[in-house]
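S.K.: what would the 3D arrangement of this be:
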Amino acid sequence: MAVALIVAAGRGERLGLGRPKALVALAGKPMVEWSLAALRGVPTVERTVIALPSGTDFAPAQADRVVCVAGGTARSQSVQAALNAAGEGDPVIVHDAARPLASSALFERALAALERSGADAVIAAAPVSDTIKEVSADGRTVSRTLDRAKLWAVQTPQVFRRQALERALGEATDELLARATDDAWLLERLGLTVRVIESERTNIKVTTAVDLRVAEALLKA
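M.R.: Residues are numbered from 1 along each chain as shown. As a prediction, the model looks like this:
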């Protein structure tokens, strides 16, 4: 049976609402509740662990098989804390609370792709449609144009074989863990196999007040 880790330790400063992003109201309930609801719709998920900012008081609407832990200052610290509290379970789903519109079907597709492929991890991602240019050290001068046919914008959920995720976290230095904005990158650097599946167009990341309004509109559509 799988376990799910929801990374929800962000403070949400860019939203400017004075509370952790995961607890900001979205269509009448805390944002993280939408991810919990989607995961409850996945029969193979045995337990969900939420990594919240230290000192956060939150009680899920349906607390059965849900555990809350204090996350860290870095993303990987939150993932490690949640994994430590998850007990047994394989594979491991890692998902951002800031992507509240991910559907149960997306989680199930990622799990099925991992089982089918034999890869160490499967991640949801979106093919890049914009032209992407790399700039030089000054941050403004274009140095080259990347081939967008080979580029995918990485999202969550990301699904890992537990042994691979534990190895990647365990072998990374504190510096690498502090830099990691994407858990799959820690596996890539060890030469492990990471595959992508196409995400859902509605699987947006809520970072700003505009994103929050877009998410509300999508839920009402």
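S.K.: how about the nearest residue to Arg109, chain neighbours excluded?
M.R.: Spatial nearest neighbour of Arg109, chain neighbours left out: Ile197 (5.8 Å); criterion: Cβ to Cβ, 6 or more residues apart in numbering. C-beta coordinates here come from the backbone N, C-alpha and C atoms, glycine included.
S.K.: elements contacting the lowest-mean-pLDDT helix or strand in the chain?
M.R.: The weakest-scoring helix or strand in the chain, judged by mean pLDDT, DSSP states H and E, is helix 174-179 (a mean of 92). Here helix 174-179 touches helix 75-85, going by 3 or more Cβ pairs under 8 Å, 6 or more residues apart in numbering; DSSP states H and E.
S.K.: and the strands in the chain?
M.R.: Assigned strands in the chain, in chain order: 2-7, 25-26, 29-30, 45-52, 66-70, 92-96, 121-127, 133-135, 142-145, 152-160, 194-198 (criterion: DSSP state E).
S.K.: contact partners for the residue nearest to Arg109?
M.R.: Ile197 makes contacts with Arg109, Ala110, Ala113, Val122, Ile123, Ala124, Ala125, as judged by Cβ atoms under 8 Å, 6 or more residues apart in numbering.
S.K.: let's see it at 7 Å
M.R.: Neighbouring residues of Ile197 by Cβ atoms under 7 Å, 6 or more residues apart in numbering: Arg109, Ala110, Ala113, Val122, Ala124.
S.K.: now the residue in the chain sticking out farthest from the centre: closest residue in space, sequence neighbours ignored.
M.R.: Farthest-out residue of the chain from its mean C-alpha position, per Cα atoms, centre = their mean: Thr141, at 31.8 Å. Leaving aside its sequence neighbours, Thr141 sits nearest to Val135 (Cβ to Cβ, 6+ apart; 5.9 Å).
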